[in-house]
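Undergrad: Give me a 3D structure for the following:
(chains A, B, C and D)
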Protein chains: 2
Amino acid sequence: MLASERAYLRLREDIVSGRLAPGTALGEVEQAARLGVSRTPLREALRRLGAEGLCVIGKGRTYTVSAISPDDVRHLFELREALECQAARLAAMRGQQAIFAGLAQRFGEAAALLSPEDPEHANYYRLVADLDAALDEAMASPAIQRALSSLRSQVARARRLSKDDHARLVQAAREHQMIAGAVADGDATLAAQATAIHLRASLDAILAALAETTDHDPVVDPTPGTPA
Amino acid sequence: MLASERAYLRLREDIVSGRLAPGTALGEVEQAARLGVSRTPLREALRRLGAEGLCVIGKGRTYTVSAISPDDVRHLFELREALECQAARLAAMRGQQAIFAGLAQRFGEAAALLSPEDPEHANYYRLVADLDAALDEAMASPAIQRALSSLRSQVARARRLSKDDHARLVQAAREHQMIAGAVADGDATLAAQATAIHLRASLDAILAALAETTDHDPVVDPTPGTPA
DNA sequence: TTGAGGCCAGATGTATACATCAGGACGGAC
DNA sequence: GTCCGTCCTGATGTATACATCTGGCCTCAA
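TA: Numbering: from 1, shown residues only, chains lettered A, B, ... in the order given. This next block holds a predicted model:
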């Protein structure tokens, strides 16, 4: 695998997981040494992360891990709403009905996937990923796909802030079922509205979790570097 | 100015203007020599252009100037609609009424700016840019701003395909007036709808021009390189 | 003649040396 | 004592040498 790709993936994972806390300076030499690549591919990784918003140009020319305040999450979801509602609309107009009918049914049975035996909810999240992939293919709009993929790592980071309690996940499954159902019916307006509702509920869940956590705990692991 | 920035700006200009035709291979050594920089900053420029969609990774690892077929333009506008309608909505909710009222009035008088004495319509386009900037500031959503700025160079390229005939520009001015007016009124729904209408009309104008041109002329100047 | 296989040219990917710049610390002058 | 200017240190920006890969062409065998 390309060194620049490795560096990008590892840095992204480190930022999304919180191992690299917001505000951490990402020096080229330091990170290159840490990840075992030279500065050239690392620079490329850094620029990609910058384009995705995971890090920003601080003072001077240095990159720092971007913050993720409640307002940042709100702004992120404003973009998500624009993109995903449009995606749902287009998918409803262009997608194959059968695929989304099947997904809707699977979401209807999703409560079973949310058993406490699987604390990671791997099966459930695979189902969500399947819906995302189906929407991606159905909307058939490369430009929106690209914008969305650019957004996903930040969304993943935001989701980490939310506590996936059982009640929320059951409700989220219902929301997803509604989206898939509307797309299956070819109802573009309803699909967009269902998406908007889901995003609003997700945002509220994240903000609620954030409000709790910030009172007594740092949002993320504040460890700046790694123990060599 | 940084060499990477120079390379980026020149390559972007060359692609948007059509001097580098769609399908042109962008070899690192060749372009680095042409622009008088070394491969390192040129690579960075190439990656930025790739992220914006102005060039794509062809076979092997080579970059080529992206195509811009009617379908590409349609896809581009699907994304534009999602982003700009949301931007208009947010601006209507957050913007300062007076600014947009002033812009609406200026668009109402825009017909005077479209005199045949100014074939470039510089004054008119400055007004459009003012509206864009006002919306940018009013929506106060960094994420959407970033996505939009990433899109602008492709929009500029698409606009080059359209013939700015007088009738269309007059109509476009009315559409812009409507957007500014709706934002001034704080009417988010109307602002989004006015934006959608404007984008639809712009798209139709581009597609019509494209359909005409492709019948007897290449879409862009097919000169691949420069005469040393 | 046609297909497969390997060789070669030229590209991209990476590492590193050098140039340049920004921030801070130190010292001197007022 | 404080403020300003200079120097220094360490970073980023750039150029280039080297490694690696890709694709095409040529050769050879069936």
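
Undergrad: Tell me the residues of chain A that contact chain B?
TA: With the criterion set to C-beta under 8 Å from any C-beta of the partner chain, chain A comes near chain B through A:40, A:43-44, A:47-48, A:51, A:53, A:75-76, A:78-79, A:81-83, A:85-86, A:90, A:141-144, A:146-147, A:150-151. C-beta: built from backbone N, CA, C; applies to glycine.

Undergrad: Just the buried ones from those?
TA: Neighbour counting by 16 or more other C-beta atoms under 10 Å in any protein chain shown classes A:43-44, A:47-48, A:51, A:53, A:75-76, A:78-79, A:81-83, A:85-86, A:90, A:141-144, A:146-147, A:150-151 among these as buried.

Undergrad: Go back to the residues you listed and keep what's next to DNA strand D.
TA: A:R43 (C-beta under 7 Å from any atom of the strand).

Undergrad: Among the buried ones among the residues of chain A next to chain B, which ones are in helices?
TA: Of these, the ones assigned to helices by DSSP state H are A:43-44, A:47-48, A:51, A:75-76, A:78-79, A:81-83, A:85-86, A:90, A:142-144, A:146-147, A:150-151.

Undergrad: Local confidence estimate at the residue lying farthest from the centre of chain A?
TA: Largest separation from the mean C-alpha position in chain A: A:G60, at 29.4 Å (C-alpha atoms, centre = their mean). The per-residue pLDDT reported for A:G60 equals 78.

Undergrad: go on, A:A82?
TA: Reading off the model, A:A82 has pLDDT 98.

Undergrad: Please tell me how far it sits from A:L103.
TA: Separation of A:A82 from A:L103 (C-beta to C-beta, to the nearest Å): 23 Å.

Undergrad: can you check A:E175 too?
TA: Separation of A:E175 from A:L103 (C-beta to C-beta): 13 Å.

Undergrad: Show me the helices in chain A, by range?
TA: Under DSSP H, chain A gives helices at A:3-17, A:28-35, A:39-52, A:70-94, A:97-108, A:122-139, A:142-161, A:166-184, A:188-216.

Undergrad: Can you lay out the ones you listed as CSV showing distance to B:E137?
TA: Listed next are those as CSV, based on distance: least, C-beta to C-beta, whole Å:
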stretch, distance to B:E137
helix A:3-17, 29
helix A:28-35, 33
helix A:39-52, 22
helix A:70-94, 14
helix A:97-108, 39
helix A:122-139, 30
helix A:142-161, 22
helix A:166-184, 33
helix A:188-216, 24
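
Undergrad: related to what we said a few turns ago, and A:E175 and A:L103? Which one has more around it.
TA: A:L103 (23 against 18; other C-beta atoms under 10 Å in any protein chain shown).

Undergrad: isn't the more buried one right up against A:A180?
TA: Yes: A:L103 is in contact with A:A180 according to C-beta atoms under 8 Å; the separation is 4.2 Å.

Undergrad: shared neighbours of those two, which are they?
TA: A:L131 (C-beta atoms under 8 Å, 6 or more residues apart in numbering or on different chains).

Undergrad: in stretch A:57-73, what's buried?
TA: For stretch A:57-73, by 16+ other C-beta under 10 Å, it's A:Y63, A:T64, A:V65, A:S66, A:I68, A:D72, A:V73.
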